[in-house]
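1. compute the structure for the input listed below.
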Amino acid sequence: MAGNEELLLVALLAKKKSKRRSVERKVHVHPILSSRMNTGAHHTLFNDLCADEKKFFNYFLMSRPSFEELLSYVRRDITGTTTNMRECIAPDEKLDVTLSGKLVMAVEAGRWEVPDAESAVAIVGTPVEPGKWYLATGDTITDLQYQYRLGVSTIAKIIREVCKAIWERVKTVCFPDVTERLWLEIAAQFYQKTDFPHCLGALDGKHIRVIKPENSGSLYYNYKNYFSILLLAVCDASHKFIFIDVGAYGKSSDSTVFKESKFFRKLENQTLNVPAPQESYSGFGTPMPFVFVADEAFGLSQHIVRPYAGKFLSQKKRIFNYRLSRARRLIECSFGILANKWRIFHRPLNVSLSLAEDIIKACCVLHNFVRDRDGVRIEDTLTVEGLFDMEPAAGPTSRLASHLRDKFADYFVSD
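-> This is a model prediction of the structure:
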């Protein structure tokens, strides 16, 4: 009996080895990929784009000087090692691969197909044949494989590597440490553009759609019936992000995410260098604190001002809500510009959660980076469905916070 079991085990091992041999690659590098230096998109197109500034901007969504500056920041982190077997991929080609598709192609190898036709309809909105979903919605790593003559796994690795490098090396440039002087400059810009005094920024959160993470249950399933992770952000009057927080569960509300963020902890611990209350504007009888404006999803506090709730409001409260909305719309515009500029947000991210966070953080950095250097184009400001509001959550309101909001309301109706 034992001898039969040993013979069966030997037969199974032999069968496994023969199956392993059958899937071994016939060539080390596919002939299509081996012609990269002669026919790859970077080697045939990049020099021509550099000769035409307008075409370069349309392709990379930034000017050539901005591209070169960005490359100088990340070059060391994305430079490989040339060996006797092969030459490493140049840093400019890696950045080219990542930016050329507006970061819409960031898809990890091995997660290609939609489970079924019903899931495809739920995600895309129209009937799509299972397994062909990405072909119906835009560029993928498969497309880039043939354009740049690089392997699928190589492109996936490049995208992860470049996004990490952009966040680590450029975030200090695009997200500088805030000082009291910087806060006062932001408050002055807000007052100039929106007529809202003592405003340090607009606060809001958005859902970033993702394909259901493995073994996650309902943690990332939000109230709008799809899977997502959350992006919480504060912007200034020029639509640049001051703080971002990425990666919270899709089922969470704005208020919950905000209270668990580093920004909230620093605000509560008074380590954000927020200016002391001042009588900066006429109409304030006493020194007024500086605040952040937000929508109904956030709780009212001494630092956060939200609209009055209800339909039948007094004229004073309606005027306050109007003035608040003028200031708060800047964060909505910032999210709109982000989604229009980096088209990856137009569809669910079919990547691991860690890579999804890297992509979102890299896009936020690039958002500030390009605005500082190249400004904004009108097409970037057009409204597009890509990011979605977070779930409102009611919370307790302190009497002091309500009194602060009333003082702002009194100011707006004063002469």
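2. where does the chain have low pLDDT?
-> The chain contains residues with pLDDT under 70 at 1-5, 15-28, 101-140, 282-283, 377-397, 415.
3. can I see the domain layout of it?
-> 28-105+140-171, 176-413 (automatic domain parsing).
4. contacting residues for the residue lying closest to Asp77 once chain neighbours are set aside?
-> With Cβ to Cβ, 6 or more residues apart in numbering as the criterion, Asp77 has its nearest non-adjacent residue at 3.8 Å, and that residue is Ala165. Backbone N, C-alpha and C define where each C-beta goes, glycine included. Contacts here follow Cβ atoms under 8 Å, 6 or more residues apart in numbering; on that basis Ala165 touches Tyr73, Val74, Asp77, Ile78.
5. of those, just the buried ones, PyMOL syntax please.
-> This is the PyMOL syntax for the buried subset of these, where burial follows 16 or more other Cβ atoms under 10 Å:
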select buried, resi 73+74+78
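6. closest to Arg326 among the contacts of Ala165?
-> Tyr73 (35.7 Å; Cβ to Cβ).
7. where does that closest one sit: helix, strand or coil?
-> At Tyr73 the chain is in helix, as set by DSSP: H, G, I helix; E, B strand; the rest coil.
8. thought it was touching Arg169?
-> Yes: taking contacts as Cβ atoms under 8 Å, Tyr73 lies within contact range of Arg169: 4.4 Å.
9. how about the strands in the stretch 101-250 of the chain?
-> 199-209, 228-235, 241-249 (DSSP state E, counting those that start in this stretch).
10. select, out of the ones you listed, the one closest to Val413.
-> Closest to Val413 of these is strand 199-209 (Cβ to Cβ; 17.8 Å).
11. circling back: need the domains of the chain in CSV (columns: distance to Ala14).
-> Listed next are the domains of the chain as CSV, based on distance: least, Cβ to Cβ, whole Å:
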stretch, distance to Ala14
domain 28-105+140-171, 27
domain 176-413, 33
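12. for the residue nearest to the spatial centre of the chain, which non-adjacent residue is closest in space?
-> In the chain, the residue lying closest to the centroid (Cα atoms, centre = their mean) is Ile360, at 2.7 Å. Leaving out its chain neighbours, the residue that sits closest to Ile360 by Cβ to Cβ, 6+ apart is Val246, at 5.0 Å.
13. relative to Ser218, how far out is the one you found?
-> Look at Val246 and Ser218: by Cβ to Cβ, to the nearest Å, they are 20 Å apart.
14. which one of these two has more residues nearby?
-> Val246 (19 against 11; other Cβ atoms under 10 Å).
15. contacts only, for that one.
-> The neighbours of Val246, taking Cβ under 8 Å, 6+ apart as the test, are Ile229, Leu230, Leu231, Leu232, Glu357, Ile360, Lys361, Cys364.
16. is the residue nearest to the third one when sequence neighbours are not counted bridged to anything, and to what?
-> When you say that, I think you mean Leu231. Counting by Cβ to Cβ, 6+ apart, Lys206 is the residue found nearest to Leu231 once chain neighbours are left out, at 5.1 Å. Beta-bridge pairing for Lys206 (DSSP bridges): Leu231, Asp389.
17. how many neighbours does Lys206 have?
-> Using other Cβ under 10 Å, the number of residues around Lys206 comes to 21.
18. could you check how far it is from Leu71?
-> From Lys206 to Leu71 the distance is 29 Å (Cβ to Cβ).
19. shouldn't Ser218 be in contact with Lys251?
-> Yes: between Ser218 and Lys251 there is a contact at 6.5 Å, judged by Cβ under 8 Å.
20. can you tell me the element Arg265 falls in?
-> helix 262-268 (DSSP states H and E).
21. ok so, going back, for my notes, please list the contacts of Val246 in CSV and give distance to Glu279 for each entry.
-> Listed next are the contacts of Val246 as CSV, based on distance: Cβ to Cβ, whole Å:
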residue, distance to Glu279
Ile229, 42
Leu230, 37
Leu231, 36
Leu232, 32
Glu357, 43
Ile360, 40
Lys361, 39
Cys364, 35
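22. pick the one among those closest to Glu180.
-> Glu180 has its nearest neighbour among the contacts of Val246 in Leu232, at 23.4 Å by Cβ to Cβ.
23. that closest one contacts Ser261, correct?
-> Yes: contact status for Leu232 versus Ser261: in contact at 5.9 Å, counting by Cβ under 8 Å.
24. please enumerate the shared neighbours of the two.
-> Counting by Cβ under 8 Å, 6+ apart, the residues touching both Leu232 and Ser261 are Asp245.
25. and those two? which has more neighbours close in?
-> Taking neighbours as other Cβ under 10 Å, Leu232 and Ser261 compare with Leu232 leading, 23 against 19.
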